[in-house]
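Undergrad: generate coordinates for the sequence data below:
(one chain, ligands or ions: 1)
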Amino acid sequence: MTRDWNMPRATGACVACGRPFEVGQPFLACLYETESGYERRDYCTGCPPPTDPPPLGQWRTQRPEPAARRSLPFDREAVYAFFDRLEDSDRPEHVQFRFVLALLLWRKKVLKLEHAADDATPPVWEFREPRTDRRRRVLRPDLADDELERLSGQLEALLGGGTVAADFVVPDALGENENG
Ligand SMILES: [Zn+2]
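TA: You can find the predicted model right below:
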């Protein structure tokens, strides 16, 4: 089931014109679903991505400095749209994806965790969007914490320019998350 999470890293170059991205150069990352899993294609600002087929999600990012410790720019609207789009899907890989997106949005303070009902059937975490007070129910996939951590690291690498944040920890629902 987790093979879909073997996401390709950023290639460091535009797939259309082949020009490599400079450090700090903004570009558009697009994620597509293919037969063999997710596929990421990056486009420079001069090369608009094809609209057919539409990407599952797309976001603006930039090539990070090598070994940078600062956090990567975070395209909150794009990630939230991504999270929204997966809401109606019950495919296991989408449920996994959406849960990990919710954790990321929580960490970035776009969502607040209200309640983690791990004992419910199915387990569901309830988040609230502070800006609108809208409540969002997110199914918790049947995965161990270390697996979720691995997926979260992959997701962060995917959303950023390709650097995995080694210190990412899946928040403990019973404890404080790092943003309090
Ligand atoms: Zn290009």
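Undergrad: and the pLDDT at residue 67?
TA: Model confidence at residue 67, expressed as pLDDT, equals 60.
Undergrad: who in this structure is up against the ion?
TA: Those residues of the chain that sit near the ion, judged by Cβ under 5 Å from the ion, are 14, 16, 17, 44, 47. C-beta coordinates here come from the backbone N, C-alpha and C atoms, glycine included.
Undergrad: the fourth one: neighbouring residues, count only.
TA: Taking other Cβ atoms under 10 Å as the criterion, the count of residues near residue 44 is 19.
Undergrad: measure it to residue 27 for me?
TA: Between residue 44 and residue 27 the computed distance is 5 Å (Cβ to Cβ, to the nearest Å).
Undergrad: what do these two both touch?
TA: Taking Cβ atoms under 8 Å, 6 or more residues apart in numbering as the contact rule, residue 44 and residue 27 both touch 14, 21.
Undergrad: show me what the least confident helix or strand in the chain by mean pLDDT is packed up against.
TA: In the chain, the helix or strand scored least confidently by mean pLDDT, DSSP states H and E is helix 145-159, which has a mean of 77. Judged by 3 or more Cβ pairs under 8 Å, 6 or more residues apart in numbering; DSSP states H and E, helix 145-159 is in contact with strand 26-34, helix 92-107.
Undergrad: which other residues reach the first one?
TA: Contact with strand 26-34 is made by 10, 14, 21, 38-45, 49, 53, 55-63, 158-159, as judged by Cβ under 8 Å, 6+ apart.
Undergrad: ChimeraX command to pick out the buried ones of those residues?
TA: Buried residues among the contacts of strand 26-34 (16 or more other Cβ atoms under 10 Å), as a ChimeraX selection:
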select :10,14,21,38,40,41,42,43,44,49,55,56,57,58,59,61,62,63,158,159
